[in-house]
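Student: Next one to model:
(one chain, ligands or ions: 1)
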Amino acid sequence: MDKMIIKGGKALNGNVQVSGAKNSVLPLLFSTLLAEGEHCFYNVPKLSDVYSAIKLLEAFGVETEWKDDALLIRVGPLKAVEAHYDIVRKMRASILCMGPLLARTGEASVSLPGGCAIGSRPIDLHLEAFQQMGAELENQSGYVKAKAKPLKGAQILFDITTVGGTENVLMAAALAEGTSVLENAAKEPEIVDLANYLNKMGANIKGAGSSIITVEGVKQLKANEHHVIPDRIEAGTLLIAGAISGGQVKVEKCRPKDIETLILKLREAGFKLNEGEDWVEIFPQKSWRAVDVTTAAHPGFATDLQAQFMALMTLAEGTSVISETIFENRFMHVQELVRMGANIIPKTRVAVVRGKAGCLKGAPVMATDLRASASLILAALAAEGTTEVLRIYHLDRGYEKLEEKLARLGAKIERAKES
Ligand code: EPZ
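Tutor: As a prediction, this is how the structure comes out:
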């Protein structure tokens, strides 16, 4: 297993480019199951989650090829409709194959994903929606077997805003018979990116990005090409890297609108930021104020940036109250930050961070999930001395060459083998 070794105390300076969005490319890859032909995606990040999704697509008989700066996905008749536990347990987004399989073949057998570090993460809302669209489901030894010949459009009301649920149902509804209306739909930029590609393939989707999405089912979709949107969570992580290290960093090839709540919170904390069409620049601050954050569905403060922002607040002047409203166990990074000297009191879904400049000292710490690993690396950039972040495979799921990007900004960071 790999670890990351970071020598703290260096201000990061310079320009850095953001990769394509993990949470957009994953549903986009599964949407290819809806349409025969050769799909072509640009700006695809090279991440372990992307490789897992490709492996699952190939199990369905799909061919894939990295060609120049594109990922080609060639879809013909599908040969298997089962998503095995060994793939789903490693990457829960695999459940996003269910909607397309049901819509395209009328059946799907998908392993229930099981829990994960940050929460139980059920998929009940996905399954209820498929039932409303006429699917018959049964649970057989950890697999959901679904049949729907055909899938019919329905009025779907999500009682919790769910990103994956919205995406799964959107893909199913694209080929269902009749009209579907999704109410209380998620509004994340990744939903809009998926809807844009589905419409390029010939779907008839209106309202993506708002809480009511209408889908007129069509008979067939055709493969097309698409440029994956920039990863807003990576963009936010890189901005916080500049902030916490006291440097001047310009994050390029991003979409400032997608991280406007983070930018607002950084300004509230006293940071100066400039924005352009596809870039955001943050300027050095010797000290910054503690600000409160409550995570919420987009366009609220992204839960995927909560751990990273908490690292910044450990060094702030004052006390920051961080509320995590989306997942029930997304404070796994707290105890590791405390090992580095941070003063954080975790309660249920709320953490009280008593900031103190210079409190972070290098230490061996353990990554527990994707965004927690990013948080520990950010803390290590500012800590006095050397930090080793173990189990860095968590980071590799969602960040493409993060250590290279940070090193180019001047960070003293290298990857090594855990002894
Ligand atoms: C997506 O997960 C993202 N993953 C997550 O990013 C992100 O944190 C999350 O959305 C929220 O923005 C991908 O896009 C691949 P949800 P998803 O369904 O779809 C509950 C990262 O770090 N819920 O919006 O699984 C659920 O338990 C990852 O990149 C149900 O109760 O999130 C949670 O409390 C982590 N029943 C809340 O809704 C359901 O059927 C939001 O979950 C579905 C969800």
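Student: For Glu281, what are phi and psi?
Tutor: phi -120, psi 140 (degrees, to the nearest 10).
Student: Not counting its neighbours along the chain, what's nearest whatever residue of the stretch 151-300 of the chain ends up closest to the ligand?
Tutor: As assessed by Cβ to the nearest ligand atom, the ligand sits closest to Gly164 within the stretch 151-300 of the chain, at 2.8 Å. C-beta: built from backbone N, CA, C; applies to glycine. In space, and not counting its chain neighbours, Gly164 is closest to Leu96: 6.3 Å by Cβ to Cβ, 6 or more residues apart in numbering.
Student: Show me which residues of the stretch 1-150 of the chain are close to the ligand?
Tutor: In this structure, the stretch 1-150 of the chain approaches the ligand at residues 22-23, 26, 93, 119, 121-126, judged by Cβ under 6 Å from any ligand atom.
Student: would you list those residues in CSV and tack on secondary structure, neighbour count and pLDDT?
Tutor: Shown next, in CSV, are those (DSSP: H, G, I helix; E, B strand; the rest coil; neighbours: other Cβ atoms under 10 Å; pLDDT from 0 to 100):
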residue, secondary structure, neighbour count, pLDDT
Lys22, helix, 26, 97
Asn23, helix, 23, 98
Leu26, helix, 24, 98
Ala93, helix, 22, 94
Gly119, strand, 14, 86
Arg121, coil, 17, 84
Pro122, coil, 13, 88
Ile123, coil, 19, 93
Asp124, helix, 11, 94
Leu125, helix, 21, 97
His126, helix, 24, 97
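Student: okay, among the residues you listed, which ones form the most distant pair?
Tutor: Lys22 and Asp124 (24.1 Å; Cβ to Cβ).
Student: Using the three-state scheme, assign Leu221.
Tutor: Following DSSP: H, G, I helix; E, B strand; the rest coil, the label given to Leu221 is coil.
Student: how many neighbours does it have?
Tutor: Using other Cβ atoms under 10 Å, Leu221 has 25 other residues around it.
Student: That one: what's it in contact with?
Tutor: 34-35, 174-175, 198, 201-203 (Cβ atoms under 8 Å, 6 or more residues apart in numbering).
Student: which residue sits closest to Pro299, ignoring its sequence neighbours?
Tutor: Thr261 (6.2 Å).
Student: At which residues are the strands of the stretch 251-400 of the chain located?
Tutor: Counting by DSSP state E, counting those that start in this stretch, the stretch 251-400 of the chain has strands at residues 273-275, 279-282, 293-294, 318-323, 344-346, 350-355, 364-366, 386-390.
Student: CSV for those, including mean pLDDT?
Tutor: Formatted as CSV, those follow (pLDDT from 0 to 100):
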stretch, mean pLDDT
strand 273-275, 98
strand 279-282, 98
strand 293-294, 98
strand 318-323, 98
strand 344-346, 97
strand 350-355, 98
strand 364-366, 97
strand 386-390, 98
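Student: now those strands in JSON lines, with mean neighbour count and distance to the ligand?
Tutor: What follows is those, written out as JSON lines (neighbours: other Cβ atoms under 10 Å; distance: least, Cβ to the nearest ligand atom, whole Å):
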{"stretch": "strand 273-275", "mean neighbour count": "14", "distance to the ligand": "23"}
{"stretch": "strand 279-282", "mean neighbour count": "21", "distance to the ligand": "20"}
{"stretch": "strand 293-294", "mean neighbour count": "18", "distance to the ligand": "14"}
{"stretch": "strand 318-323", "mean neighbour count": "18", "distance to the ligand": "14"}
{"stretch": "strand 344-346", "mean neighbour count": "16", "distance to the ligand": "18"}
{"stretch": "strand 350-355", "mean neighbour count": "20", "distance to the ligand": "16"}
{"stretch": "strand 364-366", "mean neighbour count": "20", "distance to the ligand": "17"}
{"stretch": "strand 386-390", "mean neighbour count": "22", "distance to the ligand": "16"}
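Student: Identify whichever of those lies nearest to Lys265.
Tutor: Using Cβ to Cβ, these put strand 293-294 closest to Lys265, at 6.1 Å.
Student: Please give the centre-to-centre distance between that closest one and its chain.
Tutor: 18 Å (Cα atoms, centre = their mean, to the nearest Å).
Student: Leaving out chain neighbours, which residue sits closest to the closest residue to the ligand within the stretch 201-350 of the chain?
Tutor: The minimum distance from the stretch 201-350 of the chain to the ligand, using Cβ to the nearest ligand atom, falls at Asp304 (4.4 Å). Leaving aside its sequence neighbours, Asp304 sits nearest to Ile233 (Cβ to Cβ, 6+ apart; 4.5 Å).
Student: circling back to that earlier point, got a markdown table for the strands of the stretch 251-400 of the chain, with distance to Ser245 too?
Tutor: Converted to a markdown table, the strands of the stretch 251-400 of the chain look like this (distance: least, Cβ to Cβ, whole Å):
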| stretch | distance to Ser245 |
| --- | --- |
| strand 273-275 | 15 |
| strand 279-282 | 10 |
| strand 293-294 | 20 |
| strand 318-323 | 19 |
| strand 344-346 | 20 |
| strand 350-355 | 16 |
| strand 364-366 | 18 |
| strand 386-390 | 13 |
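Student: Would you mind telling me which of those strands is nearest Pro150?
Tutor: Of all these, strand 293-294 comes closest under Cβ to Cβ, at 42.4 Å.
Student: Who does the nearest residue to Phe309 once chain neighbours are set aside form a beta bridge with?
Tutor: Sequence neighbours aside, Val293 is the residue nearest to Phe309 in space, at 5.8 Å (criterion: Cβ to Cβ, 6+ apart). Val293 forms beta bridges with Ile322, as assigned by DSSP bridges.
Student: Quick check: Val293 touching Glu324?
Tutor: No: with contact defined as Cβ atoms under 8 Å, Val293 does not reach Glu324; the gap is 9.1 Å.
Student: Give me the common contacts of these two.
Tutor: With Cβ under 8 Å, 6+ apart, Val293 and Glu324 have common neighbours Gln306.
Student: Could you confirm the residue nearest to Gly164 falls within a strand?
Tutor: No: assignment of Leu96 by three-state DSSP gives helix, placing it outside any strand.
Student: With Arg74 as the reference, measure out to it.
Tutor: 19 Å (Cβ to Cβ, to the nearest Å).
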